[in-house]
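Asks: Generate a structure from the sequence data that follows.
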Amino acid sequence: MAREKATLAVLFADVSNSTRLYEKMGDTAAFGHVRDCLQLLKDVVQRFGGRVVKTIGDGVMCAFPSADAAAQAACEMQQRIADRPARAGKAKINIRIGFQFGKVLREGDDVYGDTVNTAARMSALAVSGQIITTGDTASRLSKPLRSQLRRIDALAVKGKEKAVDVQELFWRQTGDRTQMPGRGARLVPEARLRLVHRGREIVFRVTIALGRDPDNDIVIADPMASRKHASIEKRKSKFVLVDQSSNGTHITITGRDEIVLRREEFILHGSGVITFGHPLQGPDNEVVEFHCDSAEDLLRAAATAA
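Replies: Numbering: from 1, shown residues only. So this is what the prediction gives:
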């Protein structure tokens, strides 16, 4: 079957916390609940001129002719899911959505390519009730839809060499007007972690993996590092380093003694360096520098700049 190039908006909509839903309701009841939700999403896709490419687990992958059509469908999906009346004995379902506009390869009914992968990454970054897209797609939206956007940050996204400009599309409405948070109000920035590895700086707010395996977000070439050596997770406003290695992870906070993690966790703070399987003073060590910026740090910096 021949492949052809096309330009489409690809959207992923997934049921949030579906595992918990199945545990709470049981397989049969939860499956029926999710099936009804997916049918609702499919109806919205058709209404905005899109098509369902496939159903993936407890979610759908869709394609639309334009970025606006995908954005409008995403808002309608969230609104209709939120408006569903609660039913006795049934848990409330929420969804998360990510979409991206760009070039794809189309083969039969399926689509492939970087646009598809990026849309999937945006969906993975979204939390329950959220719509996420990239700055590139945001720039292709009409002016009314662009007014509903809020830039989150430039984030490290798996599979991308450079940080991706990530934006949220607000969808909640009262009457005919969209509620926009903080118009004229002071927005409190989120904590931020900056990592530097081989001259490359990564700013992120999601889980990031480190190790020898090429699938990691930061690939460590040191033979003393494990394939899946460690991860860093954001938990509320904290960044937690989790050691998963055979030889341990060494952390040196600036001005303090080095500590070693062996299948343990450590909350990163301030700035310092991380080494993998070696102490910092070892020969030819590969290091990752880290710099933690708390919300208070960012507010002070903004006030100084003003």
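
Asks: which residue sits closest to Val15 in space, ignoring its chain neighbours?
Replies: Asp58 (4.1 Å; Cβ to Cβ, 6 or more residues apart in numbering). (Each C-beta comes from the backbone N, C-alpha and C, glycine too.)

Asks: for Val260, same thing?
Replies: Gly248 (4.9 Å).

Asks: Now do the helices in the stretch 151-300 of the chain.
Replies: Residue ranges of the helices in the stretch 151-300 of the chain, as given by DSSP state H, counting those that start in this stretch, are 295-305.

Asks: Could I get the full set of strands for it?
Replies: 164-169, 173-174, 177-178, 192-197, 200-204, 208-211, 218-219, 230-235, 238-243, 249-253, 259-261, 265-268, 271-276, 287-293 (DSSP state E, counting those that start in this stretch).

Asks: Could you measure from the residue nearest to Val260 over to Glu289?
Replies: 19 Å (Cβ to Cβ, to the nearest Å).

Asks: now do Asp14
Replies: Per Cβ to Cβ, Asp14 is found 35 Å from Glu289.

Asks: For the two, work out which one has more neighbours and name it.
Replies: A side-by-side neighbour count of Asp14 and Glu289, using other Cβ atoms under 10 Å, places Asp14 first with 21 against 14.

Asks: Let me see the contact set for that one.
Replies: When the contact criterion is Cβ atoms under 8 Å, 6 or more residues apart in numbering, the partners of Asp14 are 56-59, 95-97, 123.

Asks: partner residues bridging it?
Replies: Gly59, Arg96 (DSSP bridges).

Asks: what pLDDT does it get?
Replies: On pLDDT, Asp14 comes in at 90.

Asks: Give me the next element, helix or strand, following the helix or strand harbouring Asn117.
Replies: Using DSSP states H and E, the element containing Asn117 is helix 114-125. Counting by DSSP H and E, the next helix or strand C-terminal to helix 114-125 is strand 131-134.

Asks: ok so, going back, I'd say the residue nearest to Val260 and Phe266 touch.
Replies: No. Between Gly248 and Phe266 there is no contact under Cβ atoms under 8 Å: 11.5 Å.
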